[in-house]
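>>> Requesting a structural model of the entry that follows:
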Amino acid sequence: MSTTPNRIRRASRVVDRLRVVDRLRAVAQDDQGSATAEYAVVILAAVAFAGVLVAVMRSGEVQTILTELVRGALSL
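Sure, this is the predicted structure:
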């Protein structure tokens with residue numbers, strides 16, 4: 001008589017685990033919001049690139065080269 005309740009409890013635990021696995025599978029297959037995350041990564045990369053570009057443009061050597069380039073283009 002005591003084995004039947006134990007079997008029922010074990011079966012209930014198995015069913016609960018299967019439900020959890022099904023939920024996890026559903027969440028893993030759901031890619032909603034992934035495009036937003038991809039846009040966020042691209043925006044962060046663009047901001048980082050812009051920061052590097054600003055740092056390079058502020059250097060004296062680059063400003064000198066650009067000034068000479070513009071003067072040469074205007075003198076033609």
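
>>> Buried residues, the lowest-mean-pLDDT helix or strand in the chain. List them.
Using mean pLDDT, DSSP states H and E, the weakest-scoring helix or strand in the chain turns out to be helix 3-29, at a mean of 80. Across helix 3-29, burial judged by 16 or more other C-beta atoms under 10 Å covers no residue at all. (Each C-beta comes from the backbone N, C-alpha and C, glycine too.)

>>> Next SSE downstream of it?
Next along the chain after helix 3-29, taking DSSP states H and E as the criterion, comes helix 34-57.

>>> Which elements pack onto the least confident helix or strand of the chain?
Using 3 or more C-beta pairs under 8 Å, 6 or more residues apart in numbering; DSSP states H and E, no helix or strand is in contact with helix 3-29.

>>> what's the offset of that helix from the middle of its chain?
Chain-centre distance of helix 3-29: 32 Å, with C-alpha atoms, centre = their mean, to the nearest Å.

>>> nearest spatial neighbour of Leu66, skipping sequence neighbours?
In space, and not counting its chain neighbours, Leu66 is closest to Met57: 7.9 Å by C-beta to C-beta, 6 or more residues apart in numbering.
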